[in-house]
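Trainee: Okay, structure incoming, though there's no sequence with it:
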């Protein structure tokens, strides 16, 4: 069994809501991430799914310390990431990189793509002098871009090509762990498959570990070994891809899976329609956060669902679920 | 057979840009009957939205122009109508559900005022009756406590509710044809399921025809009766939904179906379509899909692909591919 590369324990991020201009005081908090725990093994891909505002991107940013967590612990290879000072953090960033969602906004339009890819190499001094441009050409080759394009600017590239540049940049200093935050959502359908295959190849080639954040469940299932589902800042279910899709336990996961349109016109839909919208994370429902939309809540457990926050527990074979039904 | 509600024939819409003429839509033809959903699928820039805008005659001049074709709605050629006559049809007999619920509502008017606008204009109701009608429409699309909600502003609505409000607006004059341009793209899956359910309901209850523009093949499989697949401004395959998924013929359709990860099956590796969609100013010679096509042969690079009728038993199945000729 591979060892754990990343361990996240009870991670929380509350964004304060302030009122007043001169004397500002806190009047509440957006509970974006509210006690999330999981582990990622070496060489594994963990998919993180959920609808907009569920805290999946925030979780990714907290791990990288692009945002400071309110509380909780993150261990990367046994080292506590949240307690690191600036120097230690810089060393850590050699190991952990991120690929952003929007390839149109995440590249500096006034830097050539060669310079963009070279930037992390220069900062971390992994190569120097002529070695830098050699490495840039090598990276462009790895992501199937023509190395002679290094002098071009981002606007000369298509969305798919830009995302390849973003991936080359993340790979530049040989990280062990990459967080891919919705890496294909902004791309055309026919181009998405190219980028997914590239991520797959890179993982095999360089033994990378991924945290793959996305809202598209079909994509996540394709690329991930294990999948975690988030709802309103909490993790509700975590299992291997096959297990989760074949045997979803949490009512939210069931509804989410049944909502995906199937690409076969003869399949009769057996859809669970959730009522209403996702509640606001400023004032999440008490007890189980899903109880306001839950269709499986029965009279026996009703009072428990409304008052107690269900524990995120293993119900067998590494299938975790947070629900009073189990 | 009675004539179809909407019949588009050889439609072509061009835009003049600094870089040259962009042929956004070329030789597009299809038909929609009442109570039927036609899906128009394709990637960004393939001309699906411009087709919708052309039907409504909302293509912005002077750069954009419908240069050819016929759009017959209930037997009337929309392209021959005056602007005044067209205005009586838009939002009344034909209405549009736009893509982005966040930007297509006016933030300084209440939801009610925006729904009432079309009702007052087309149905000549007074303000009070129009408001009652607006409340009724909001109730119909499933907005809770519509009597209070009608006086709220768009920012007080969630994304899914805004899309419902837009649908309420589109339905308020009981249109015969609804054009839905990516109605669920900006929404989460569970909310998408609610909206699709609502649209199916509208189709059955009101016998309205829907032109559904989307890039999501799952949505197509679920909602549509007929499908037109577009690539670089042209319809490359046009058939009923079962044939499209069971027996796709155009290499682009086949490639598209193979490239998407499917929830219901396990696949080790995806089969992407290589390359990028072409620049519409400078289309490749012969078949526009040629450079990305797996079945490419030298004839594809020289000859403009013909529309080949491959349908059996009188069912339409048109494929724009030179390699399918004689099949």
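Mentor: Received the coordinates, thanks. Only a predicted model underlies this, so the values are computations on that prediction, with no experimental measurement involved. Numbering: from 1, shown residues only, chains lettered A, B, ... in the order given.

Trainee: and residue A:82, how many neighbours?
Mentor: A count of nearby residues for residue A:82, using other CB atoms under 10 Å in any protein chain shown, gives 15. Quick note: C-beta positions are derived from backbone N, CA and C, even for glycine.

Trainee: The nearest residue to residue B:272 once chain neighbours are set aside: neighbour count?
Mentor: In space, and not counting its chain neighbours, residue B:272 is closest to residue A:193: 3.5 Å by CB to CB, 6 or more residues apart in numbering or on different chains. Residue A:193 is flanked by 26 other residues according to other CB under 10 Å.

Trainee: Name the SS class of residue A:193, please.
Mentor: Three-state assignment for residue A:193 (DSSP: H, G, I helix; E, B strand; the rest coil): helix.

Trainee: how many neighbours does residue B:147 have?
Mentor: 12.

Trainee: which residues touch it?
Mentor: Contacts of residue B:147 were listed using CB atoms under 8 Å, 6 or more residues apart in numbering or on different chains, and they are residue B:135.

Trainee: Go through whatever helix or strand it lives in and flag the buried ones.
Mentor: Using DSSP states H and E, residue B:147 sits in helix B:146-149. Across helix B:146-149, burial judged by 16 or more other CB atoms under 10 Å in any protein chain shown covers B:146, B:149.

Trainee: any idea of the mean pLDDT for that helix?
Mentor: Per-residue pLDDT over helix B:146-149 has a mean of 90.

Trainee: which residues touch the next helix or strand after that helix?
Mentor: Per DSSP H and E, helix B:146-149 leads on to helix B:159-171 as the next helix or strand towards the C-terminus. Identification of contacts with helix B:159-171 by CB under 8 Å, 6+ apart yields A:52, A:277, B:91, B:95-98, B:101-102, B:104-105, B:111, B:114-115, B:118, B:134, B:137-138, B:140-143, B:154, B:157, B:178, B:183-184, B:186-188, B:191, B:194-195, B:198-199, B:202, B:206.

Trainee: What are the phi and psi values at residue A:313?
Mentor: Dihedral angles of residue A:313 (phi, psi; degrees, to the nearest 10) stand at phi -130, psi 160.

Trainee: which element is the residue sitting nearest the centre point of chain A on?
Mentor: Geometric centre of chain A, nearest residue: residue A:213, 2.8 Å, by CA atoms, centre = their mean. In this assignment (DSSP H and E), residue A:213 forms part of strand A:209-214.

Trainee: Give me the buried positions along that strand.
Mentor: Those would be A:209-214, for strand A:209-214 by 16+ other CB under 10 Å.

Trainee: ok, those vs chain B, which is closest?
Mentor: Lowest distance from chain B to these (CB to the nearest CB) belongs to residue A:214, with 10.8 Å.

Trainee: quick one: the closest one from residue A:241, how far?
Mentor: For residue A:214, the distance to residue A:241 equals 13 Å [CB to CB, to the nearest Å].

Trainee: hang on, the earlier thing: and the next helix or strand past the strand holding residue A:213?
Mentor: Counting by DSSP H and E, what follows strand A:209-214 is helix A:217-223.

Trainee: can you pull out the helices in the stretch 101-250 of chain B?
Mentor: Here the stretch 101-250 of chain B has its helices, by DSSP state H, counting those that start in this stretch, at B:111-123, B:127-140, B:146-149, B:159-171, B:189-206, B:217-223, B:241-246.

Trainee: most packed of these?
Mentor: Each of the helices of the stretch 101-250 of chain B was scored by mean neighbour count; the highest is helix B:159-171, a mean of 24, by mean count of other CB atoms under 10 Å in any protein chain shown.

Trainee: What average pLDDT does that one get?
Mentor: Helix B:159-171 carries an average pLDDT of 87.

Trainee: Measure how it sits relative to helix B:111-123, angle-wise.
Mentor: With axes from the mean of the first three to the mean of the last three CA atoms, to 10 degrees defining the directions, helix B:159-171 sits at 20 degrees from helix B:111-123.

Trainee: angle of helix B:159-171 against helix B:127-140?
Mentor: Relative orientation of helix B:159-171 versus helix B:127-140 (the same axes, to 10 degrees): 130 degrees.

Trainee: From the chain's centroid, how far away is helix B:159-171?
Mentor: Distance of helix B:159-171 from its chain centroid, counting by CA atoms, centre = their mean, to the nearest Å, is 17 Å.

Trainee: Contact partners for residue A:68?
Mentor: A:62, A:82.

Trainee: Look up how far residue A:33 lies from it.
Mentor: Distance from residue A:68 to residue A:33, by CB to CB: 12 Å.

Trainee: Tell me which residue lies nearest the centroid of chain B.
Mentor: Central residue of chain B (CA atoms, centre = their mean): residue B:213, at 2.8 Å.

Trainee: list the contacts for that one?
Mentor: Counting by CB under 8 Å, 6+ apart, residue B:213 touches B:39-40, B:48-49, B:51-52, B:179-182.

Trainee: Nearest to chain A: which residue in chain B?
Mentor: Counting by CB to the nearest CB, chain B gets nearest chain A through residue B:218, at 3.0 Å.

Trainee: Which residue is the nearest non-sequential neighbour of that residue?
Mentor: Of all residues not flanking residue B:218 in the chain, residue A:261 sits nearest, at 3.0 Å (CB to CB, 6+ apart).

Trainee: Would you mind listing the buried residues in stretch A:180-199?
Mentor: Of all the residues in stretch A:180-199, those buried under the rule 16+ other CB under 10 Å are A:180-184, A:186-199.

Trainee: do the same with stretch B:68-76
Mentor: B:69, B:71-74.

Trainee: Do you have the strands of the stretch 101-250 of chain A handy? List them.
Mentor: Remark: strands assigned in the stretch 101-250 of chain A by DSSP state E, counting those that start in this stretch are A:177-181, A:209-214, A:226-231, A:234-240.

Trainee: In CSV, list those strands along with distance to residue A:252 and mean pLDDT.
Mentor: What follows is the strands of the stretch 101-250 of chain A, written out as CSV (distance: least, CB to CB, whole Å; pLDDT from 0 to 100):
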stretch, distance to residue A:252, mean pLDDT
strand A:177-181, 22, 93
strand A:209-214, 17, 94
strand A:226-231, 5, 94
strand A:234-240, 5, 94
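
Trainee: between the ones you listed, which gets nearest to residue A:145?
Mentor: Residue A:145 lies closest to strand A:177-181 among these, at 17.9 Å (CB to CB).

Trainee: Give me the angle between that closest one and strand A:209-214.
Mentor: Put simply, strand A:177-181 runs at 10 degrees to strand A:209-214, going by the same axes, to 10 degrees.

Trainee: Which elements pack onto strand A:177-181?
Mentor: helix A:56-64, strand A:96-99, strand A:209-214 (3 or more CB pairs under 8 Å, 6 or more residues apart in numbering or on different chains; DSSP states H and E).

Trainee: Let's see that with 10 Å instead.
Mentor: The contact analysis (3 or more CB pairs under 10 Å, 6 or more residues apart in numbering or on different chains; DSSP states H and E) places strand A:177-181 against strand A:4-19, strand A:45-49, helix A:56-64, strand A:96-99, helix A:159-171, helix A:189-206, strand A:209-214.

Trainee: ok so, going back, direction included, what does the strand holding residue A:213 pair up with?
Mentor: Its sheet considered, strand A:209-214 pairs with strand A:45-49 (parallel), strand A:177-181 (parallel) by DSSP bridges.
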